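[1] structure, please.
(one chain, ligands or ions: 1)
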Amino acid sequence: MTSLATARPDDVPAARAPSASQPLDAPPTTPAEVIARYARPGPRYTSYPTAPHFRADASEAERAAVAHAWATATAPLALYAHVPYCERRCLYCGCHVQIARDRGLGVRYVDDLIRELDVLAGLTPFDRPLELLAFGGGTPTWLAPEDFARLVRAIDTRTATARDREWSVEVDPRSVDDAYMALLLELGFNRFSFGVQDLNAEVMQAVGRKQGVAEVRAATQAVGALPFNIDLMYGLPHQTLATQAATIAQVLELGPSRLALFGYAHVPWMKKHQLGLERHGLPDDHARLELYLAAREQLLGAGYVAIGIDHFARPDDALAVAQRAGQLHRNFMGYTVRPHLDLVATGVSGISQVNGTFTANAKDVPVWRDALDRGQPAWQRMLHTSPEDQLRSAVIMDLMGNFAVDKAAIGARFGVDFDQHFAEELAQLAPFVADGLVTETEDRVALSELGALVVRNVAMVFDQWLGQSQARYSRTV
Ligand code: SF4
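    Prediction:
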């Protein structure tokens, strides 16, 4: 799956090895050429600082500070459960996935998730309202229905459900039948995210994902009037402007309230199975940009609103409403209208964000399980953020969510003079201003419509941690 990114910090994988930006000498003539000049590796900022900067070698003092922050947290809760299993591997997959046909593995995995809930409930109050519950993977619905239900009921009995709650689940349409969808509804899920990626037979054949529009339609229709997302991907073998347009048209007929449009990240040095795509040929940077821009135009033409860097939503969707109000935020879950929550993650590779701290779980099931056997959280890396991190996080998340920063609001919130504090960064924005991508006034830094396409590059200007790790990032455009 490729949505709800809690446990898959998309800051980690890279689409290309780091390279210098393209030469800036020749004046570009089209918007696409302007944007193409900014294509370079960079974080996707599902958090700031980004995941590669969480420390595996945290000091005792830092561990104690993290423990204190967890113990004294008071914000309402979001809870994430990561299920790493899938039945077959899609060749484009960049997630941390375990391929397994034996559903019996899920029995023990759910047992361990429930044990982890109890470990974490000993570290931070669980009697806070649970506003958001999210299941991601892998394929959450790989779990046998009875194990899935057992896990949800265990969560329910250990937490205090908020009145205004969002329970969301990633669903691989190939993994569910009507009975499984009915169970999800009965359990209380009220937002669904369907991983589709593409519907063209040749593309699906190349990526090893057997999927037809009929099963996607059946799964989406099963949710009735409830809102659902569909994830699409561009940059796959055999995708052309025509095949992509046909896929999008078919998907729009299903009536999603949101769509995610992710660029395929080719990282065969990390994900060897992706080599299998190379024999089909992959679109180059120019073709990728064309695919993205064409998809964007088609979705905007269909009445959707562009949300952040890779989402689209109906104008009445909560994300679109929040964006219009300048209240859209971003975290490991992607875009959110609930930035006030403490995010507690369970399962391998889950990342928690609680009261100014980040903690990242072990990625391998045995390591994760070992920690639980000792009654410990399975945290392998952590970070206790500084006030400067929090200030820069607010700036970067405003850029990523709202494509603008209100200088006075940030200044008042953090007790700084924005222009003085960020004098160097504001100077670095000059090329963006010259290219018509950013405007800077006394009150605001704002991206133009075209500038929104390079928002990651603009955010990088405010990132003090950039370059302090060996992380390889995906291309910003
Ligand atoms: S369904 Fe495919 S893309 Fe999604 S996590 Fe599993 S292997 Fe990866």
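
[2] hang on, Lys363 in a strand?
    No: counting by DSSP: H, G, I helix; E, B strand; the rest coil, Lys363 is not part of a strand but coil.

[3] where does it land on pLDDT?
    Lys363 is assigned 94 on the pLDDT scale.

[4] for Glu442, which residues are in contact?
    Residues in contact with Glu442, defined by CB atoms under 8 Å, 6 or more residues apart in numbering, are Lys407. Every residue, glycine included, has its C-beta placed from N, CA and C.

[5] could you look up the SS state of the spatially closest residue to Gly347 that is not a sequence neighbour?
    Counting by CB to CB, 6 or more residues apart in numbering, Gly347 lies nearest to His82, which is 3.2 Å off, once chain neighbours are set aside. Secondary structure, three-state DSSP: His82 is strand.

[6] ditto for Val367
    Secondary structure state of Val367, per three-state DSSP, is helix.

[7] what parts of this protein come near the ligand?
    Applying CB under 6 Å from any ligand atom, one finds that the chain approaches the ligand through 1, 86, 89-90, 93, 95, 97, 137-139, 172, 195.

[8] neighbours around Asp317, how many?
    By the criterion of other CB atoms under 10 Å, Asp317 has 21 neighbours.

[9] isn't it right next to Gly255, touching?
    No: at 11.9 Å, Asp317 does not count as touching Gly255 under the criterion of CB atoms under 8 Å.

[10] need phi/psi at the residue in the stretch 301-450 of the chain that the ligand sits nearest to.
    Nearest residue of the stretch 301-450 of the chain to the ligand, counting by CB to the nearest ligand atom: Ser349, 11.6 Å away. The phi and psi values for Ser349, taken as degrees, to the nearest 10, are phi 70, psi 0.

[11] tally of neighbours for it?
    Using other CB under 10 Å, Ser349 is surrounded by 25 other residues.

[12] quick one: it and Phe332, what's the gap?
    Distance, Ser349 to Phe332, using CB to CB, to the nearest Å: 11 Å.

[13] one more: Trp167?
    For Trp167, the distance to Phe332 (CB to CB) stands at 17 Å.

[14] between those two, which is the more surrounded one?
    Between Trp167 and Phe332, Phe332 has the larger neighbour count (other CB under 10 Å), namely 28 against 22.

[15] list the helices and strands the helix or strand Glu131 falls within packs on?
    Per DSSP states H and E, Glu131 falls inside strand 129-137. Applying 3 or more CB pairs under 8 Å, 6 or more residues apart in numbering; DSSP states H and E, we find strand 129-137 packed against strand 77-83, strand 160-171.

[16] what secondary structure does the residue in the stretch 201-350 of the chain positioned nearest to the ligand sit in?
    For the stretch 201-350 of the chain and the ligand, the shortest gap (CB to the nearest ligand atom) falls at Arg209, measuring 6.4 Å. Judged by three-state DSSP, the three-state class of Arg209 is coil.

[17] that one: how many residues sit nearby?
    Arg209 has 21 nearby residues by other CB under 10 Å.

[18] list the contacts of it.
    88, 90-91, 174, 197.

[19] let's see if you can find the most crowded of the residues of the chain next to the ligand.
    Going by other CB under 10 Å, Gly137 tops the residues of the chain next to the ligand with 30 neighbours.

[20] can you show me the helices along the stretch 351-477 of the chain?
    Along the stretch 351-477 of the chain, counting by DSSP state H, counting those that start in this stretch, helices occupy 365-373, 387-402, 407-414, 418-421, 423-428, 430-434, 455-461.

[21] where do the domain boundaries of this structure fall?
    Domain ranges of the chain: 49-343, 386-465, per automatic domain parsing.

[22] distance to Tyr38 and mean pLDDT added to those domains, as JSON lines?
    Formatted as JSON lines, the domains of the chain follow (distance: least, CB to CB, whole Å; pLDDT from 0 to 100):
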{"stretch": "domain 49-343", "distance to Tyr38": "11", "mean pLDDT": "94"}
{"stretch": "domain 386-465", "distance to Tyr38": "4", "mean pLDDT": "95"}
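
[23] straight-line length of stretch 44-51, end to end?
    10 Å (CA to CA, to the nearest Å).

[24] ok, residues contacting it?
    Residues outside stretch 44-51 that contact it (CB under 8 Å, 6+ apart): 5, 9-12, 43, 309, 330-332, 334, 351, 353, 358, 360, 381, 383, 385, 389, 392-393, 396-397, 400, 456, 459, 463, 465, 471, 473-474.

[25] give me the buried entries from these.
    Among the contacts of stretch 44-51, those scoring as buried are 5, 9-12, 43, 309, 330-332, 334, 351, 353, 358, 360, 381, 383, 385, 389, 392-393, 396-397, 400, 456, 459, 463, 465, 471, 473-474 (criterion: 16 or more other CB atoms under 10 Å).

[26] Met397 against Tyr335, yeah?
    No: in this structure, Met397 is not within contact of Tyr335 by CB under 8 Å, at 10.2 Å.

[27] joint contacts of those two?
    By CB under 8 Å, 6+ apart, the residues touching both Met397 and Tyr335 are His329.

[28] now the angle from the strand holding Glu131 to strand 77-83?
    Computed with axes from the mean of the first three to the mean of the last three CA atoms, to 10 degrees, the direction of strand 129-137 lies at 20 degrees from that of strand 77-83.

[29] residues contacting the residue nearest to Val152 when sequence neighbours are not counted?
    Nearest residue to Val152 in three dimensions, chain neighbours excluded: Leu187, at 4.8 Å (CB to CB, 6+ apart). When contacts are counted by CB under 8 Å, 6+ apart, Leu187 is found next to 148-149, 152, 167.

[30] and Leu300, by the same measure?
    Leu300 touches 306, 312, counting by CB under 8 Å, 6+ apart.

[31] so what's the residue count around the nearest residue in space to Tyr234 that is not next to it in sequence?
    Excluding the flanking residues, the one nearest Tyr234 by CB to CB, 6+ apart is Leu291, at 4.2 Å. Counted with other CB under 10 Å, residues neighbouring Leu291 total 24.

[32] now do the same contact list for Leu291.
    234-235, 239, 241, 244, 283.
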